[in-house]
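Trainee: Make a model of this:
(one chain, ligands or ions: 1)
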Amino acid sequence: MNLKNDLLLRTARGEKVERPPVWLMRQAGRILPQYRALRAKLSGFKELVETPELAAEVTIQPIDELDVDAAIIFSDILVIPEAMGLTYEMVEKKGPFFPQTIKSREDIHKLISANDAAEQLQYVYRAIELTKKNLNGRVPLIGFAGAPWTIFSYMVEGSGSKTFSKAKRMLYAEPELSHQLLEKITETTILYLQRKVDAGVDLVQIFDSWAGILSPEQYRQFAVPYLTKICQSVTRVPVTVFGKGAWFALADFAAMDCQVIGLDWTISPEYGKKIIGAKKVVQGNLDPCLLYADNKMIERATLDVIQAFGDKHIVNLGHGVYPDTPLDSVKQMVATVKNYQYV
Ligand code: CP3
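Mentor: Predicted coordinates:
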C-alpha cells in the first residue's frame, strides 16, 4: 500500500527531504491517557502485547494524539527470550523478571531452536498485519528487536540491574559459552526480524539498551559482530542501530550495513557527525528530561538539534520518553519539527 506520509523512509534512504521526520521512542505507552485507560482494564502488560487487536490499537494511539511521522509496533524486546524458552513476568513498578535464567552450557542447549522460536511469535506478526491495515497508509510502521548483548544480559541476569555483573561475569569467565548464547540469540533475532518485514514493517530498529555497560573492547568482541550480522541479514527495509551509551562504538556502527544510527543525549551532534560521517542518517538525540522544561525552551532546544545535525536527521529523544512527561510538551516538540523547513 502507498504511504501518505513516507518522510521517515525517504529520510532513512538518504533522500533530500523538506524537513526532518519526528517520532519518540516509547511513544506508545504510559504518556498517553488512552493507553493508561485501556491498560487498567487488562490483566497486565503481557495481555496487551499478546493480543493483536489491542497491540494494534495502542500502536496507533500516538499517531492520533501526537501526530508523529511514524508508528512503532507495541511489543517488547523480551518476547525473544520468552520464545527461546525463558518466560518473563512484568512486575508492576519494577520491570521484567525471569524466573529461570541461563547459567550453564546445558541451559543454552535446552533453548528452543531459532526457527521454532520465530514461529511462536505469531501474535507479533498478526499485530503488525492488523496495524498496517488500520493505519491505512497514514505513516510507516517501525518494527524492532533488542540487540543480542541486551537480550543476553536479561537472559543471564534475570532482571534489570545497575551493573549487570552476572551477565558481564559470563563474558569474562566463559567467553566461549557467551558466544554460543549470543549466536543463538542472533539467529533467532534475524528470523524474527525477517518475519516482521514479511508481515509489513517498513523499517526496523535494533535497541542495544545496555551497550554502555560494556567496555569498548568487550563491546567490540561480544556485540559488534552480532549487530553486523543482523544488519547484513535485514535487506528489504532500512535498519536503525541504537546503542545507548555506546559513544565508543559509533565508528563500528558506521561500518555496518545499516542506514540510520540512533544517538543518546550524551553525544553532541558535532561529535556524532564527525565520527559517523555523511553516509548514514542519524536519529536523536534530545534529553528526555528536556520535556519537563517550558514550551519556549522545548522549542529552542528542538530547533537547535535540527540545526546542529543539518540534514540526514530524524528527530527523536536520546532514549525512551519518561512516563510522567506532560503530553503538551511532547506536542510542542512535534509541532516545532513539523513547522520547520530546510532552506
Ligand atoms: O517504543 C514504543 O512505543 C513501543 C513499545 C516498546 C516497549 N518496550 C513497551 C513497553 C518498546 C520499543 C520497548 C523496548 C524495550 N523493552 C527496551 C529497549 C528500549 C529501552 O527503553 O532501552 C527494553 C530495555 C525493554 C525491557 C523493558 N520493558 C523494561 C526494562 C520495562 C520496565 C520499565 C518500563 O519502562 O516500564 C518494560 C516494560 C514496558 N515495555 C512498558 C511498555 C509500554 C511498561 C509496561 C506497562 O505498561 O506497565
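
Trainee: Show me what residue of the stretch 51-200 of the chain gets nearest to the ligand.
Mentor: Per C-beta to the nearest ligand atom, G95 is where the stretch 51-200 of the chain lies closest to the ligand, at 3.5 Å. Every C-beta, even on glycine, is put in place using the N, C-alpha and C of the backbone.

Trainee: brain fart, the stretch 101-250 of the chain
Mentor: As assessed by C-beta to the nearest ligand atom, the ligand sits closest to S209 within the stretch 101-250 of the chain, at 3.1 Å.

Trainee: show me where the protein has strands.
Mentor: Ranges of strands in the chain, per DSSP state E, are 71-72, 89-91, 95-97, 141-146, 203-208, 239-243, 260-262, 281-286, 313-317.

Trainee: Using a markdown table, lay out the ones you listed together with mean neighbour count.
Mentor: Converted to a markdown table, those look like this (neighbours: other C-beta atoms under 10 Å):
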| stretch | mean neighbour count |
| --- | --- |
| strand 71-72 | 25 |
| strand 89-91 | 14 |
| strand 95-97 | 15 |
| strand 141-146 | 23 |
| strand 203-208 | 25 |
| strand 239-243 | 27 |
| strand 260-262 | 26 |
| strand 281-286 | 24 |
| strand 313-317 | 27 |
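
Trainee: To A251, which of those strands lies closest?
Mentor: Between A251 and the strands of the chain, the tightest spacing by C-beta to C-beta is seen for strand 260-262, at 10.4 Å.

Trainee: for the closest one, packing partners?
Mentor: strand 203-208, strand 239-243, helix 250-254, strand 281-286 (3 or more C-beta pairs under 8 Å, 6 or more residues apart in numbering; DSSP states H and E).

Trainee: For the residue of the stretch 101-250 of the chain closest to the ligand, the count of nearby residues, please.
Mentor: Neighbour count of S209, defined by other C-beta atoms under 10 Å: 21.

Trainee: and if you look at the one 5 residues further on?
Mentor: The number of residues packed near L214 is 25, by other C-beta under 10 Å.

Trainee: just to revisit the earlier point, pretty sure the residue of the stretch 51-200 of the chain closest to the ligand contacts S161?
Mentor: No - using C-beta atoms under 8 Å, G95 is not in contact with S161; the gap is 10.1 Å.

Trainee: where do the contact lists of the two overlap?
Mentor: Contact criterion C-beta atoms under 8 Å, 6 or more residues apart in numbering; residues shared by G95 and S161: none found.

Trainee: mind showing which ranges of the stretch 101-250 of the chain have poor pLDDT?
Mentor: By pLDDT under 70, the stretch 101-250 of the chain has no low-scoring segment.

Trainee: which of the residues in the lengthiest helix in the chain are buried?
Mentor: What stands out as the longest helix in the chain, according to DSSP state H, is helix 175-199. Within helix 175-199, the residues that count as buried by 16 or more other C-beta atoms under 10 Å are 177-178, 181-197, 199.

Trainee: Check stretch 61-79 too.
Mentor: In stretch 61-79, counting by 16+ other C-beta under 10 Å, buried: 61-63, 65-66, 68-79.
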